[in-house]
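Chemist: When you get a sec, could you give me coordinates for this:
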Amino acid sequence: MTSEDGETPVTAPEATPDAPLGRIFLVVIDDTEELKPALEYACLRAKRSGGRVALLYVIAPIEFEHFMFVGDVMREDRRKEAEALVQSYADHVHQRSGRMPIIHLREGDRREELLKFLEIETIHVLVLGADTGKGGPGPLISSLMGKDLRRVHVPITIIPGSLSPEEITTLTLY
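Modeler: Below is the predicted model of the structure:
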């Protein structure tokens, strides 16, 4: 890279010990099929760019609150299930990207928790998988591309759920 005068070489600023190395690619974990291509894309982009994958899983709130003890047990069970699910994806991310992901668990409405998360955390790219069926891309993408777009201040990469692993690999070469 050269300076504006075209003569003096300019180097990129060095990373400080506090700064994360590379870009962070956030993937929202859920139980949909389109998650897999989005996760694969994020892993390959992170690996090729020296970045890192972050996983966000939002645990749905407990609707049963008649007895505090029962609600607490249900909440703990959901958290354990979420941790096991995220850990399985974390192992996959580590294998594919070469680095352990950053893991975030939240409880609440997935859309609202994602928007709050994006306001306070350093994320460079949000990677989402889109359903390619008749029902549309999915409620999260529909919301983020519609009424909530003004609240999103990071680039969003939408990966069609119908892409093959070979197509995803090709996309990440550039």
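
Chemist: average pLDDT for the longest helix seen in the chain?
Modeler: Ordering each helix of the chain by length in residues (DSSP state H) puts helix 68-97 first. For helix 68-97, mean pLDDT rounds to 87.

Chemist: Now it: buried residues?
Modeler: Buried residues in helix 68-97, counting neighbours by 16 or more other C-beta atoms under 10 Å, are found at 82, 86, 89, 90, 92, 93, 96, 97. (Each C-beta comes from the backbone N, C-alpha and C, glycine too.)

Chemist: that's a helix at residue 57, yeah?
Modeler: No: under DSSP: H, G, I helix; E, B strand; the rest coil, residue 57 sits outside any helix and is assigned strand.

Chemist: show me what contacts the closest residue to it other than its chain neighbours?
Modeler: Distances taken as C-beta to C-beta, 6 or more residues apart in numbering put residue 29 closest to residue 57, at 4.2 Å, once the chain neighbours are dropped. Residue 29 is in contact with 35, 55, 56, 57, 85, 86, 89, counting by C-beta atoms under 8 Å, 6 or more residues apart in numbering.

Chemist: packing partners for the longest helix of the chain?
Modeler: When contacts are defined as 3 or more C-beta pairs under 8 Å, 6 or more residues apart in numbering; DSSP states H and E, helix 68-97 packs onto strand 24-29, helix 35-49, strand 52-59, strand 102-107.

Chemist: so how far is the first one from its chain's centroid?
Modeler: Using C-alpha atoms, centre = their mean, to the nearest Å, we find the averaged C-alpha position of strand 24-29 to lie 1 Å away from the chain's own average C-alpha position.

Chemist: In the sheet, which strands lie alongside that strand, parallel or antiparallel?
Modeler: strand 52-59 (parallel), strand 125-130 (parallel) (DSSP bridges).

Chemist: what about residue 57, how many neighbours?
Modeler: Residues near residue 57, counting by other C-beta atoms under 10 Å, number 20.
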